[in-house]
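Undergrad: here are the coordinates; sequence isn't available:
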């Protein structure tokens, strides 16, 4: 699959995801509106219940207002020496037709030593200006408009419409919080809230908010007008504020949000995996094509050599010279063995990938094994005017392993060092050991490996690009084979390389492996 096709698919998937995302967010916003509407209705329902409970609480209160200064003044006025105490109470006069406060009845109760009581009543009426403005009580909540009304009142009216101290004490912070909390919980609202009790005509707070800014709480959407009765004649508003209404709605929608997130994760994971699989398939196809080209090129040489040798041997005149005939037969045999080795390498790699290769574990003297391998390269190195240095420094060099596969692995690393040396090869083989591992490193001063290719060199069929793909023989199976063999021995292989300066491959083999 061509690269531009995969890029096109990525773009198409991205574009198709846009309307899906928009649709999901639209559904979420609609669901949020519904949840918000439900929450608002629940608060309004709780608010109405709160107003009813406050009204009932105020009406059922029989506590009289007591004022020490008024007591002393009244004693002097009536000149009653046997008066023990004085209590005062007041009730608002309500016009039953217009449901409008028109005045206040102030009662003074004198308690005498003989348990008798003297009651004196005094009636005060609101001014005409107050009665004219009273219809504003039922207008929509507007703090800025109501705050200016107090300036239109006579000071007498302002004093009359304020709550008395007994009612103020009754509607204290604790009692209001308890009532509000109970009613909100009855509507399944268990969120943090703040509240205030506001006298709109005097523009004063009877109960101030505990932690909310005054300007902010006056803008709350949850405002409830207390009912008018004999104790409350001016518009008193109970204001309830929630710090984060959106947060409350978000919490209620947590299950929906989790489902949306899971849906997004699954959808994009599936899309990513599918597209990534296509990308990997494309890369595998490219690597496989390179492998086929390389193997075909490698096979062409021995086949062509065998074909040419057969043509020569088919000439009757060549049969008379036994030496020439023997040399051509040897060439055919060598090239045939070369073909057989190539096929064997490919088959072994396939077996390694399937985990079907058989390991013949035995106790091995690794120094002896390395020495035999390096001896086999002596002629090749000397013919190239190169050098092969062996430093056997390991204190412990006996371990269990497969002799054949370890020989092939070390041989492969040495061959790579020779193949990828631009001039005379310089190979260094060094061994070390610690308490757990036998360590062997193979170093060269060849072309090195680019940093971007180091993570790929152990992949099957991968070859580091160095110009013409056929300038170095091979088909990208050697290092993959080495890593698999090392892993079968429960070891690991590391590589350090710098382009233009050479590479070092280090193998760590455990010293203790069960047969």
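TA: Ah, there it is. For clarity, every value in this text was computed on a predicted model and none was experimentally measured.

Undergrad: wouldn't residue 431 be in contact with residue 370 here?
TA: Yes: with contacts counted by CB atoms under 8 Å, residue 431 reaches residue 370, the gap being 6.9 Å. Yep, even glycine has a C-beta here, placed from its N, CA and C like the rest.

Undergrad: Now do the shared contacts for the two.
TA: Residues touching both residue 431 and residue 370 (CB atoms under 8 Å, 6 or more residues apart in numbering): 392, 440.

Undergrad: Quick check: pLDDT value at the residue lying farthest from the centre of the chain.
TA: Using CA atoms, centre = their mean, the residue of the chain lying farthest from its centre is residue 320. It sits 83.6 Å away. Looking at residue 320, its pLDDT is 70.

Undergrad: ditto for the one 5 residues further on
TA: With respect to pLDDT, residue 325 scores 78.

Undergrad: how near is it to residue 307?
TA: Separation of residue 325 from residue 307 (CB to CB, to the nearest Å): 17 Å.

Undergrad: now swap in residue 243 and tell me
TA: Taking CB to CB, one finds residue 243 at 90 Å from residue 307.

Undergrad: try residue 242
TA: Distance of residue 242 to residue 307, computed by CB to CB: 91 Å.

Undergrad: by contact count, what packs against the helix or strand harbouring residue 300?
TA: Assigned by DSSP states H and E, residue 300 belongs to helix 254-313. Where contact means 3 or more CB pairs under 8 Å, 6 or more residues apart in numbering; DSSP states H and E, helix 254-313 is packed against helix 3-59, helix 322-354.

Undergrad: Worst mean pLDDT among these?
TA: Note on the helices and strands packed on helix 254-313: lowest mean pLDDT is at helix 322-354, with a mean of 74.

Undergrad: got the angle for it vs helix 254-313?
TA: For helix 322-354 against helix 254-313, the angle by axes from the mean of the first three to the mean of the last three CA atoms, to 10 degrees is 170 degrees.

Undergrad: Run through the neighbouring helices and strands of helix 322-354.
TA: With contacts defined as 3+ CB pairs under 8 Å, 6+ apart, helix 322-354 has these neighbours: helix 254-313, helix 478-488.

Undergrad: To residue 389, which of those helices lies closest?
TA: For the helices and strands packed on helix 322-354, the distance to residue 389 is smallest for helix 478-488, at 20.8 Å, taking CB to CB.

Undergrad: between that closest one and helix 322-354, how big is the angle?
TA: Per the same axes, to 10 degrees, the angle that helix 478-488 makes with helix 322-354 is 50 degrees.

Undergrad: Tell me which other helices or strands the helix or strand just after helix 478-488 touches.
TA: Under the assignment DSSP H and E, the closest C-terminal helix or strand after helix 478-488 is strand 492-498. Secondary-structure packing of strand 492-498 (3+ CB pairs under 8 Å, 6+ apart): helix 478-488, strand 502-510.

Undergrad: and the nearest residue to residue 242 once chain neighbours are set aside, what is it in contact with?
TA: When the adjacent residues along the chain are set aside, residue 242 lies closest to residue 193, with 5.4 Å between them (CB to CB, 6 or more residues apart in numbering). For residue 193, the contacting residues are 180-181, 184, 240-243, by CB under 8 Å, 6+ apart.

Undergrad: Throw together a PyMOL command that grabs the buried residues out of the residues you listed.
TA: To isolate the buried members of those in PyMOL, using 16 or more other CB atoms under 10 Å:
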select buried, resi 180+181+184+240+241+242
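
Undergrad: which ones among the contacts of residue 193 are found in strands?
TA: Judged by DSSP state E, the contacts of residue 193 include 240-241 as members of strands.

Undergrad: can I get the contacts of residue 193 in CSV with pLDDT and distance to residue 174?
TA: Shown next, in CSV, are the contacts of residue 193 (pLDDT from 0 to 100; distance: CB to CB, whole Å):
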residue, pLDDT, distance to residue 174
180, 94, 11
181, 93, 11
184, 92, 16
240, 94, 16
241, 92, 18
242, 90, 20
243, 83, 20
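
Undergrad: Dump the contacts of residue 193 to JSON lines, plus distance to residue 511.
TA: Shown next, in JSON lines, are these (distance: CB to CB, whole Å):
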{"residue": "180", "distance to residue 511": "76"}
{"residue": "181", "distance to residue 511": "72"}
{"residue": "184", "distance to residue 511": "72"}
{"residue": "240", "distance to residue 511": "76"}
{"residue": "241", "distance to residue 511": "74"}
{"residue": "242", "distance to residue 511": "69"}
{"residue": "243", "distance to residue 511": "66"}
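
Undergrad: ok so, going back, mind putting the helices and strands packed on helix 254-313 in CSV, distance to residue 396 and mean neighbour count included?
TA: As requested, these are arranged in CSV below (distance: least, CB to CB, whole Å; neighbours: other CB atoms under 10 Å):
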stretch, distance to residue 396, mean neighbour count
helix 3-59, 51, 14
helix 322-354, 28, 14
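
Undergrad: Can I get those helices in CSV including distance to residue 443?
TA: Listed next are those as CSV, based on distance: least, CB to CB, whole Å:
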stretch, distance to residue 443
helix 3-59, 37
helix 322-354, 24
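
Undergrad: right, so of these, which gets closest to residue 314?
TA: Closest to residue 314 of these, according to CB to CB: helix 322-354, at 10.5 Å.

Undergrad: Now do the buried residues in the helix or strand containing residue 197.
TA: Here residue 197 is covered by strand 194-199, with elements defined by DSSP H and E. Neighbour-count burial for strand 194-199, counted by 16+ other CB under 10 Å, picks out 194-199.

Undergrad: so which of the residues you listed would you say is closest to residue 343?
TA: Once CB to CB is applied, the member of the buried residues of strand 194-199 that ends up nearest residue 343 is residue 194, at 83.9 Å.

Undergrad: Test my guess that the closest one contacts residue 208.
TA: No: under the criterion of CB under 8 Å, residue 194 is not in contact with residue 208, lying 10.0 Å apart.

Undergrad: What is the subsequent helix or strand relative to the helix or strand bottoming out on mean pLDDT in the chain?
TA: Within the chain, no helix or strand scores below helix 68-78, which has a mean of 46 by mean pLDDT, DSSP states H and E. Using DSSP H and E, the helix or strand that follows helix 68-78 in sequence is strand 83-95.

Undergrad: Going by contacts, tell me the helices and strands next to that next one.
TA: The helices and strands touching strand 83-95, judged by 3+ CB pairs under 8 Å, 6+ apart, are helix 68-78, strand 100-112, strand 117-125.

Undergrad: Go again with 7 Å.
TA: For strand 83-95, the elements it packs on are helix 68-78, strand 100-112, judged by 3 or more CB pairs under 7 Å, 6 or more residues apart in numbering; DSSP states H and E.

Undergrad: who's in contact with residue 439?
TA: By CB atoms under 7 Å, 6 or more residues apart in numbering, residue 439 lies in contact with 431-433, 506, 508.

Undergrad: mind running it again at 8 Å?
TA: Counted by CB under 8 Å, 6+ apart, residue 439 has contacts 394, 431-433, 506-509.

Undergrad: That one bridge partners, please.
TA: For residue 439, the beta-bridge partners are residue 432, residue 508 (DSSP bridges).

Undergrad: how close does the nearest residue to residue 221 once chain neighbours are set aside sit to residue 253?
TA: Residue nearest to residue 221 in three dimensions, not counting chain neighbours: residue 40, with 7.4 Å by CB to CB, 6+ apart. Distance, residue 40 to residue 253, by CB to CB: 15 Å.
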